[in-house]
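**Student:** sequence plus predicted model, see below.
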Amino acid sequence: MASNSMNPFVILLLLVISFSAVASFEFQVGGARGWVVPPANDSKIYNDWASENRFRGGDTVRFRYKKDSVMEVTEEEYKRCNSTQPSFFSNTGNTVFNLGRSGTFYFISGANGHCQRGQRMIVKVLTEDDSSSNPSQKSSAASARARISSLGFLKFVSAQLALSCFASILL
């Protein structure tokens, strides 16, 4: 009998856990073009894109590119477009970087001359307090959040399916 009274609590707990597990979002850097050297007249394209989005801890940014790389660097290395010891480096062509904390992240291309031509980006990850403090930006945050990736949707559906199966076993 005690186990029957716990079932609704367990189901609610699992539901909360499944929603928190998929609460992060993936952002595609550069949209359909990907992580490429921007046109000469549009060297701020990545920073403009990053400033239009609201990033939170746990979100990811996906860099898609060919014959290039992406590095996370310090602010000083970002300004110089040079890094001999980046804190993160990838040249796989399909890099997912986890924005696991609030604060500022600096990314540059590792290919020779690409950063100087504008292939670099600053991403500012908000704290929970920052993301809820400015009501005038909530609509832009909502539109950015609406662009959930297919992977995020798949995680959500999988979590809900697992939860449904588990709940049917308990009941």
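**Tutor:** Structure's in. What do you need?

**Student:** test my guess that F105 contacts M71.
**Tutor:** No. Taking CB atoms under 8 Å as the definition, F105 is not a contact partner of M71, at 11.0 Å. All C-beta atoms are positioned from the backbone trio N, CA, C, and that covers glycine.

**Student:** any regions of the protein where pLDDT drops low?
**Tutor:** For the chain, applying pLDDT under 70 flags the ranges 1-23, 128-171.

**Student:** in it, what residue spans correspond to strands?
**Tutor:** Shown for the chain, the strands assigned by DSSP state E span residues 26-28, 55-56, 59-64, 70-73, 88-90, 94-99, 103-109, 120-126.

**Student:** which of the residues in stretch 75-87 are buried?
**Tutor:** Neighbour counts over stretch 75-87 (16 or more other CB atoms under 10 Å) mark E77, Y78, C81, S83, P86 as buried.

**Student:** separation between the closest residue in space to the first one that isn't next to it in sequence and G34?
**Tutor:** If the residues on either side of it in the chain are set aside, E77 comes closest to S83, at 4.1 Å by CB to CB, 6 or more residues apart in numbering. Distance of S83 to G34, computed by CB to CB, to the nearest Å: 21 Å.

**Student:** ok so, going back, and which of the buried residues of stretch 75-87 is nearest G58?
**Tutor:** Set against G58, the nearest of these by CB to CB is P86 (21.9 Å).

**Student:** ok, the residue nearest to the closest one when sequence neighbours are not counted - contacts?
**Tutor:** Spatially, and ignoring its direct neighbours in sequence, P86 is nearest to M71 (3.7 Å; CB to CB, 6+ apart). The contact partners of M71, taken as CB atoms under 8 Å, 6 or more residues apart in numbering, are S83, P86, F88, F89, S90, F107, I108, S109, G110.
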